[in-house]
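K.L.:
just the structure for this:
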Amino acid sequence: FMTLDLEQPEFTLWNGTRKLIDRLLFGSVANRQQLRDQSGNELAHTGYDDLSGQLRAALDRFENQGVRFIPFEVLFLLGVVYLLLIAPGDYLFLKRFIGRMHATWITFPLLIVLTSTGIYFFAHAMKGDSRLINQAELIDIDVATGQIRAACWFSIFSPKTERYNLSTDWKLPTAHPENETGEEQNKSGRREKMLLSWLGLPGTGLGGMESPITTPQPEIGYQYGPDLASMQGVPIHIWSTKCFAAEHQGWSDKSLRADLSVRKSNLDPLVHGTITNLLSTTLENSALFHDGWVYPLGTIKPMQTVTIGNDIPVRTVRNYLARLGPWSMETESERNDIFRIFERITFYHAAGGRSGIPLKNTYLHDMDMTPLLTDHRAVLVGKMGSETFHILNDADAISYPQTLKSAMIRFVLPVQQLRNEKK
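P.N.:
Numbers count the residues shown, from 1 in each chain. The predicted structure follows:
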């Protein structure tokens, strides 16, 4: 046999380390596929079997904002204590200390009121009294045409039973104001559009859209506003959450400037050129994808120009995505990392699809940019630190910068094809 120290730099810096550990722990391909199927069945049982469900589950986590989950064991114990108090507890108290059994007409309802009040304040201490929002955004911009498709998913935690009149506003954080006003865009045929709807849970689990169990519906439903851009009278019960999805379609000529070209030769066609960030926000963890190759660019500050040349380290797409590792070895924090989920959605098929993770990508398949990698275009992916969607309730903003958990922006860039000059 042979022994290896997996903590050596050769392994800690290698993207294939997780796959190696996965192979060592779980054995053959058949065994790993069986484990993936078991993981998929487990996820389907808990409520989702699609990446959109994983995104929804990540948005529904409010533990870091003061909302604590009450374990079932605690609820069961409280129920047992309550039954002991109102039945044998009340009987023994009256028999030993009062001596008048008919006094139960006073002690019994008093116990109910006291225990109900205690349970309410206990739940209030665990859940809080603040309205909370988690939101995630995925913005796509075609630099050649200026067309924008922006998507936002958000979850609202309501501290009380309330009906919400929801709408969203969108604005791209550009360093310079747009050339065209909204009225001028309408005249030129460049109309903006906003859609807002609820976000369902995929799968057959409890609360899932394909679940055979019927969930109770409120007596009075909600309504959509004009052009499906708003929702009126959406009910959210006390200490519960509801998820929504918004999509904006618009235009912008001041997001990014790119001058990229590739020279055809017998060697690998690598991209050269410059990229300038015209946004007023910094792009982090940015990387340029083109024709099977990845150019890690790191941080691009506002109005900064990055030159792509021979000094940029180049990696293959498969090698770059391998750093995500096997899905079965992800920790709970990694599975709830929204930017990590966006990376899997962005290049779902390039990363192997169902052979890499047990989750499907049915509901967000139009977000997969794998076809663009071989379409003579480049895709710049980066993490954005500021929100573009603003969530409104009765025209009052209920979202703020801290509600943004993650935002990914993806630019589709034209690449000029050059021919080699003859010597």
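
K.L.:
give me the phi and psi for Thr331.
P.N.:
Note on Thr331: backbone dihedrals following degrees, to the nearest 10 are phi -80, psi 170.

K.L.:
how close does it get to Arg344?
P.N.:
Distance of Thr331 to Arg344, computed by Cβ to Cβ, to the nearest Å: 15 Å. The C-beta positions use only the backbone N, C-alpha and C, and glycine is treated the same way.

K.L.:
these two: which has the busier surroundings?
P.N.:
Between Thr331 and Arg344, counted using other Cβ atoms under 10 Å, the more crowded position is Arg344 (21 against 8).

K.L.:
just the CA coordinates of stretch 80-91, formatted as CSV?
P.N.:
Extracted C-alpha coordinates of stretch 80-91, given in CSV (Å, rounded to 0.1, in the frame of the first residue of the first chain):
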residue,chain,number,x,y,z
VAL,A,80,-46.1,16.7,27.8
VAL,A,81,-45.5,19.3,30.5
TYR,A,82,-48.7,21.1,29.5
LEU,A,83,-50.8,17.9,29.7
LEU,A,84,-49.3,17.1,33.1
LEU,A,85,-50.1,20.5,34.4
ILE,A,86,-53.8,20.7,33.4
ALA,A,87,-54.6,17.1,34.3
PRO,A,88,-52.8,15.3,37.1
GLY,A,89,-51.0,18.5,38.2
ASP,A,90,-54.3,20.4,38.7
TYR,A,91,-55.9,17.4,40.5
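
K.L.:
buried ones in that stretch?
P.N.:
Using 16 or more other Cβ atoms under 10 Å as the test for burial, stretch 80-91 gives 82, 85-86, 90.

K.L.:
same check on stretch 150-170?
P.N.:
Going by neighbour count (16+ other Cβ under 10 Å), the buried part of stretch 150-170 is 150-159, 164-168, 170.

K.L.:
mean confidence score for it?
P.N.:
For stretch 150-170, mean pLDDT is 95.

K.L.:
from one end of it to the other, what's the distance?
P.N.:
Stretch 150-170 stretches 9 Å from its first residue to its last (Cα to Cα, to the nearest Å).

K.L.:
Ala229 - how many residues pack around it?
P.N.:
Neighbour tally, Ala229, other Cβ under 10 Å: 15.

K.L.:
now it, what are its backbone angles?
P.N.:
Main-chain dihedrals, Ala229, degrees, to the nearest 10: phi -100, psi 0.

K.L.:
double-check it against Trp170; I have them as touching.
P.N.:
No. The pair Ala229 / Trp170 is not scored as a contact, 10.7 Å apart, by Cβ atoms under 8 Å.

K.L.:
what about Asp311, neighbour count?
P.N.:
Neighbour number of Asp311 under other Cβ under 10 Å is 6.

K.L.:
before we move on, what SS does it have?
P.N.:
coil (DSSP: H, G, I helix; E, B strand; the rest coil).

K.L.:
how much space is there between it and Tyr295?
P.N.:
11 Å.

K.L.:
quote the end-to-end distance of stretch 152-168.
P.N.:
10 Å.

K.L.:
would you turn the buried residues of stretch 80-91 into JSON lines with secondary structure, pLDDT and distance to Ser252?
P.N.:
Below are the buried residues of stretch 80-91 laid out as JSON lines (DSSP: H, G, I helix; E, B strand; the rest coil; pLDDT from 0 to 100; distance: Cβ to Cβ, whole Å):
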{"residue": "Tyr82", "secondary structure": "helix", "pLDDT": "88", "distance to Ser252": "59"}
{"residue": "Leu85", "secondary structure": "helix", "pLDDT": "86", "distance to Ser252": "64"}
{"residue": "Ile86", "secondary structure": "helix", "pLDDT": "84", "distance to Ser252": "64"}
{"residue": "Asp90", "secondary structure": "helix", "pLDDT": "84", "distance to Ser252": "69"}
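
K.L.:
which one of those is nearest His272?
P.N.:
Tyr82 (72.3 Å; Cβ to Cβ).

K.L.:
which residues does the closest one contact?
P.N.:
Applying Cβ atoms under 8 Å, 6 or more residues apart in numbering to Tyr82 gives the contacts Thr115.

K.L.:
do the same with Thr104
P.N.:
Thr104 touches 90-91, 94, counting by Cβ under 8 Å, 6+ apart.

K.L.:
swap the cut-off to 10 Å and go again
P.N.:
With contacts defined as Cβ atoms under 10 Å, 6 or more residues apart in numbering, Thr104 is in contact with 86, 90-91, 93-94, 98, 110-111.

K.L.:
just for the stretch 51-200 of the chain, where's the confidence low?
P.N.:
Within the stretch 51-200 of the chain, the ranges that satisfy pLDDT under 70 run 175-190.

K.L.:
strands along that one, start to end?
P.N.:
Applying DSSP state E, counting those that start in this stretch to the stretch 51-200 of the chain gives strands spanning 132-142, 147-158, 162-170, 193-198.

K.L.:
Tyr400: which of these is closest?
P.N.:
Nearest of those (Cβ to Cβ): strand 132-142, 8.3 Å.

K.L.:
returning to that earlier point: what's the closest of the buried residues of stretch 150-170 to Gly207?
P.N.:
When those are compared against Gly207 (criterion: Cβ to Cβ), the nearest one is Ser155, at 13.4 Å.

K.L.:
out of all of them, which helix in the protein is the longest?
P.N.:
helix 104-127 (DSSP state H).

K.L.:
can you state the direction angle for that one and strand 147-158?
P.N.:
If you take axes from the mean of the first three to the mean of the last three Cα atoms, to 10 degrees, helix 104-127 sits at 150 degrees to strand 147-158.

K.L.:
pull the most distant pair out of the buried residues of stretch 150-170.
P.N.:
Pairwise distances across those (Cβ to Cβ) peak at 29.0 Å, for the pair Ala150 and Pro159.
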